[in-house]
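Engineer: coordinates for the following, if possible.
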Amino acid sequence: MKKQILKSESYSPLYRQLMQKLRSDIQSGVYPVHSRIPSEQELCETYQVSRVTVRKALAELTREGLLQRHQGKGTFVGVPRLCKDLKDVTSFHDSCRMMNCTPGTRVIHAQMTRATQEDRRDLLLEEAEEQVVEVVRLRLADGAPVMLETNRFPSSYAYLLEEDLTGSLYALLQEHEVEAAQAMHEVSLCYANAQQARQLEVEPGGALLCLREIIYDQHSRPLHTSLQLIRGDRFTFRI
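Structural biologist: This is a model prediction of the structure:
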């Protein structure tokens, strides 16, 4: 590798500069997923920094899940984790694009179903509303399953059942002048049953992140509820 000198006079510590350079190289494809990055000694020589600086940068990137270190073999680029910022309402497609992943969706089912007491409470349903729209989808990043998602809408959104649901629901809603504006979140831990394990390609009984949400539209009215069962090795939250 050609020698590259980091900016010692910068306000950013050298290890953070090195982290950013390696992160940029990974995102641009210089180091593809599962590829081995240069050794500590090679990085020291290339960037003219100490081994302490290199080790700190690698440790931080490993903690983030961007790198994986294998004893005796070296350091490799890990499968990227998606990140959802709970302060913002973003679609799965947006989360993928921010991490340079290709989003995918497999529709499990989309149908009208009987409203529960929880639906009536969370969606503020009228007494006459006996059904809700339920959309269950498996979300994928670069072809790998990441989350199993169940969304439930008031019956007034039945037009969604006539749409292609393999893309962003929020993009479809925007075509009808409906915006997802804010959300209430509840995060917990749950365990995959046999069917969920098969769909998410994890072991039965394996731990999953469980994200329950009530999403509100631009007029502060309940838009839909969401239950997301998420592989923790592929997804993180930012609060």
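Engineer: now name the helix or strand holding residue 16.
Structural biologist: In the assignment (DSSP states H and E), residue 16 maps to helix 14-27.
Engineer: pLDDT value on the residue of the chain most remote from its centre, please?
Structural biologist: Relative to the centre of the chain, the most outlying C-alpha is that of residue 128, 36.7 Å out, by Cα atoms, centre = their mean. With respect to pLDDT, residue 128 scores 87.
Engineer: again, but for the one 3 residues further on
Structural biologist: The predicted local confidence for residue 131 comes out at a pLDDT of 97.
Engineer: what do you get for residue 26?
Structural biologist: What the model reports for residue 26 is a pLDDT of 84.
Engineer: likewise for residue 224?
Structural biologist: At residue 224, the model reports a pLDDT of 97.
Engineer: and for residue 95?
Structural biologist: 75.
Engineer: please identify which helix or strand holds it.
Structural biologist: Under the criterion of DSSP H and E, residue 95 resides in helix 92-98.
Engineer: how many residues are close by residue 92?
Structural biologist: Other residues near residue 92 number 24, with proximity taken as other Cβ atoms under 10 Å. The way it works is simple: take the backbone N, C-alpha and C, and place the C-beta from them, glycine included.
Engineer: is the residue nearest to it when sequence neighbours are not counted in a bridge, and if so with what?
Structural biologist: Residue nearest to residue 92 in three dimensions, not counting chain neighbours: residue 139, with 5.0 Å by Cβ to Cβ, 6 or more residues apart in numbering. When bridges are taken as DSSP bridges, the partners of residue 139 come out as residue 105, residue 147.
Engineer: residue 139 contacts residue 93, correct?
Structural biologist: No - when contacts are counted by Cβ atoms under 8 Å, residue 139 is not listed as touching residue 93 (9.1 Å).
Engineer: can you give me the neighbour number for residue 17?
Structural biologist: Counted with other Cβ under 10 Å, the burial measure for residue 17 works out to 18 neighbours.
Engineer: and what of residue 229?
Structural biologist: Using other Cβ under 10 Å, residue 229 is surrounded by 21 other residues.
Engineer: what sits against it?
Structural biologist: Contacts for residue 229 (Cβ atoms under 8 Å, 6 or more residues apart in numbering) come out as 147-149, 190, 192, 196, 200, 208-210.
Engineer: any idea how far residue 194 is from it?
Structural biologist: 13 Å (Cβ to Cβ, to the nearest Å).
Engineer: quickly list the domain ranges of the protein.
Structural biologist: Under automatic domain parsing, the residue ranges defining each domain of the chain are 14-77, 82-238.
Engineer: and of those, who's closest to residue 6?
Structural biologist: With distances scored as Cβ to Cβ, the stretch of the domains of the chain nearest to residue 6 is domain 14-77 (4.6 Å).
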